[in-house]
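**Q** compute the structure for the input listed below.
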Amino acid sequence: MEQAHLDAVAAGRCGTWLLDGLSGTDRALGPFYAHSGLTVLPPGRTTSIGYVLTGRPIGLGAGPGEQLFHRWNRT
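**A** Model prediction:
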């Protein structure tokens, strides 16, 4: 059985944090994470994170049968 996980990525120089996680779509955790203030992407979709964190194009996404959720926090 797959487990959901959360990661935190910090970019200290620009004061930005990214909280992200990934879950199998069979777990149906989208409503829980949406209620917790995270953006829940449709299964298999990606989002661009690179320019905010590194100034370079970097994508963060989910593979088939997976769902990505994330939240930006600027300090």
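
**Q** just the helices in this structure please.
**A** 30-35, 50-53 (DSSP state H).

**Q** so which of those helices gets nearest residue 24?
**A** Nearest to residue 24, of all the helices of the chain, is helix 30-35, at 11.2 Å by CB to CB. Glycine gets a C-beta too; all of them are placed from N, C-alpha and C.

**Q** ok, the closest residue to residue 58 other than its chain neighbours - contacts?
**A** Residue nearest to residue 58 in three dimensions, not counting chain neighbours: residue 50, with 3.0 Å by CB to CB, 6 or more residues apart in numbering. If a contact means CB atoms under 8 Å, 6 or more residues apart in numbering, then residue 50 has 56-59 as its contacts.

**Q** ranges for the strands of the protein?
**A** For the chain, the strands defined by DSSP state E occupy 5-11, 16-24, 39-40, 46-48, 59-61, 66-74.

**Q** quick one: mean pLDDT for the fifth one?
**A** Per-residue pLDDT values over strand 59-61 give a mean of 80.

**Q** for that strand, name the packing helices and strands.
**A** On a contact count with 3 or more CB pairs under 8 Å, 6 or more residues apart in numbering; DSSP states H and E, strand 59-61 meets strand 46-48, strand 66-74.

**Q** just name the most buried of these.
**A** Scoring the helices and strands packed on strand 59-61 by mean neighbour count under mean count of other CB atoms under 10 Å gives strand 66-74 as the most buried, with a mean of 18.

**Q** contacting residues around that one?
**A** Outside strand 66-74, the residues touching it (CB under 8 Å, 6+ apart) are 15-25, 29-30, 33-34, 37-47, 49, 52, 60-62.

**Q** tabulate the CA atom coordinates of that strand in PDB.
**A** Provided in PDB are the C-alpha atoms of strand 66-74 (Å, rounded to 0.1, in the frame of the first residue of the first chain):
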ATOM      1  CA  GLU A  66      -0.600   9.800  -8.400                       C
ATOM      2  CA  GLN A  67      -1.800  13.200  -7.200                       C
ATOM      3  CA  LEU A  68       0.300  16.200  -6.200                       C
ATOM      4  CA  PHE A  69      -0.600  18.700  -3.600                       C
ATOM      5  CA  HIS A  70       1.300  21.800  -2.600                       C
ATOM      6  CA  ARG A  71       1.300  25.200  -0.700                       C
ATOM      7  CA  TRP A  72       3.600  28.200  -1.000                       C
ATOM      8  CA  ASN A  73       4.400  30.200   2.100                       C
ATOM      9  CA  ARG A  74       6.300  33.400   1.700                       C
END
